[in-house]
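> here's a sequence, model it:
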Amino acid sequence: MRRQFKNGNMWLVLVFIVMGVLFYSSSQTYHEQTQLPLLHKLLKSEPLKAQLSSINFQYADEQISIKDSGYFSFVEFFIRKGAHLSMYFLLGSFWFLALEKRMKPNILVAFVSWQAATGYAGLDEFHQMLTGDRTPLFHDVVLDSVGALLAVVGFLLVRAIERKKRR
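Modelled structure (predicted):
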C-alpha cells in the first residue's frame with residue numbers, strides 16, 4: 001500500500017473519488033442538498049448573530065447578509081462555499097501528489113494540477129446547469145480554482161523547503 005502512494009497510484013484513485021463525490025453532489029437539487037433543517041435544529045439560539053449581522057457583501061449579483069437572507073441561509077452560504085473551497089483544495093492536492101512522480105519540474109506539476117481541478121470545476125458547474133433547481137455560477141468556478149491553487153502553491157512551498165533542508 002505504501003508503494004501505491006509513493007508511485008502516485010493511490011493519489012490518482014483519491015482524485016477520482018473526490019471527482020465522484022463532486023459529481024454526485026452537483027447532481028442533487030438544492031432541496032435535496034440543503035442543510036437548513038439541520039441548522040435550525042443545531043443553531044436554534046442563533047449563536048453569534050449580532051456579530052455576523054455586520055457582514056454584508058455581494059456574491060454573484062446576490063446580496064449576502066443576515067438581513068437579506070436570514071440567519072440560517074447566511075450560515076448555510078458559508079458552509080456551501082467552504083465546501084467548494086475545501087473539496088477543490090483536496091482535488092488540487094491529490095492531483096499534485098498523483099502527478100509529481102510522473103512529471104517534472106514541480107512547477108509544471110502544479111500548473112497541470114491546478115488546471116485539471118479548475119477544468120473540472122467548470123465541468124461541474126455545467127453539470128449543475130443540467131440539474132434542476134441548481135444555479136451554476138462562474139463565481140463558484142473561481143472559488144474552486146482558488147481552493148486548488150492554494151493546495152498546489154502549498155505543495156510547491158513544502159517541496160522547496162524540503163529541497164533546501166536536504167542541501
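> residue 126: how many residues sit nearby?
Counted by other CB atoms under 10 Å, the residues lying close to residue 126 total 12. (C-beta placed from N, C-alpha, C; glycine too.)
> also residue 61?
By other CB under 10 Å, neighbour count at residue 61 equals 7.
> what do you get for residue 101?
Residue 101 has 13 neighbours, counted by other CB under 10 Å.
> equivalent analysis for residue 164, please.
For residue 164, the tally of surrounding residues (other CB under 10 Å) stands at 8.
> same deal with residue 140?
Using other CB under 10 Å, residue 140 has 22 other residues around it.
> so it touches residue 84, yeah?
Yes - between residue 140 and residue 84 there is a contact under CB atoms under 8 Å: 5.8 Å.
> residues contacting residue 107?
Residues near residue 107 by CB atoms under 8 Å, 6 or more residues apart in numbering: residue 156.
> read off the pLDDT value for it.
You'll see residue 107 listed with a pLDDT of 96.
> secondary structure element for it?
Element membership for residue 107 (DSSP states H and E) is helix 106-130.
> residues touching the closest residue in space to residue 127 that isn't next to it in sequence, list them.
Sequence neighbours aside, residue 26 is the residue nearest to residue 127 in space, at 4.8 Å (criterion: CB to CB, 6 or more residues apart in numbering). When contacts are counted by CB under 8 Å, 6+ apart, residue 26 touches 124, 125, 127, 128, 131, 134.
> which of those residues sits closest to residue 50?
Each of those was scored against residue 50 by CB to CB, and residue 134 proved nearest at 32.6 Å.
> per-residue confidence for that closest one?
Residue 134 is assigned 86 on the pLDDT scale.
> count of residues packed around it?
By other CB under 10 Å, neighbour count at residue 134 equals 18.
> Three-state assignment for it, please.
Following DSSP: H, G, I helix; E, B strand; the rest coil, we place residue 134 in the coil state.
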